[in-house]
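Chemist: Provided below for reference: sequence and predicted model.
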Amino acid sequence: MLDKVFMNNLFDFYGDLLTEKQQEICRYYYEEDYSLQEIRDICNITRSAVYDMINRSRKDLLYYEEKLHCYAQFQKRNAVYQKILQSPSLTDDIREYIKECIEIENEEET
């Protein structure tokens, strides 16, 4: 099973590309950490329908990442930002600019 944290991150990036129903169910499953049974009760659909919707959504999110690489690029940029911030020769002005870039990245993710 794929890591829920990873899938939650993909949902943050690509969730708007899913149908409204997929978004609703993924929100319950990944963000709220509800069980299939709990989602079934809330959405008034069968447990197997919840399971199928989550699997379909998972496949869609993985497909989007495979094609677009937004999350992978986000992680790479953040790793570079952290390396820059650790540089001993960094000026205070540049340090603030880098922190601003990180904030912008994090705003765009959600």
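Modeler: Ah, there it is. Here the structure is a predicted model, which means the values were calculated and not measured. Numbering: from 1, shown residues only.

Chemist: Quickly list the domain ranges of the chain.
Modeler: The record assigns the chain these domain ranges, following automatic domain parsing: 4-68, 71-109.

Chemist: Deepest-packed of those domains, please.
Modeler: With neighbours defined as mean count of other C-beta atoms under 10 Å, the domains of the chain peak in mean count at domain 4-68, which reaches a mean of 16. Bear in mind the C-beta positions are built from the backbone N, C-alpha and C, glycine included.

Chemist: Run the chain-centre distance for that domain.
Modeler: Its chain's C-alpha centre and that of domain 4-68 lie 11 Å apart, by C-alpha atoms, centre = their mean, to the nearest Å.

Chemist: what do you get for stretch 85-102?
Modeler: Put simply, stretch 85-102 sits 26 Å off its chain's centre (C-alpha atoms, centre = their mean).

Chemist: Name the residues that touch that stretch?
Modeler: With contact meaning C-beta atoms under 8 Å, 6 or more residues apart in numbering, stretch 85-102 is reached by 78, 81, 84.
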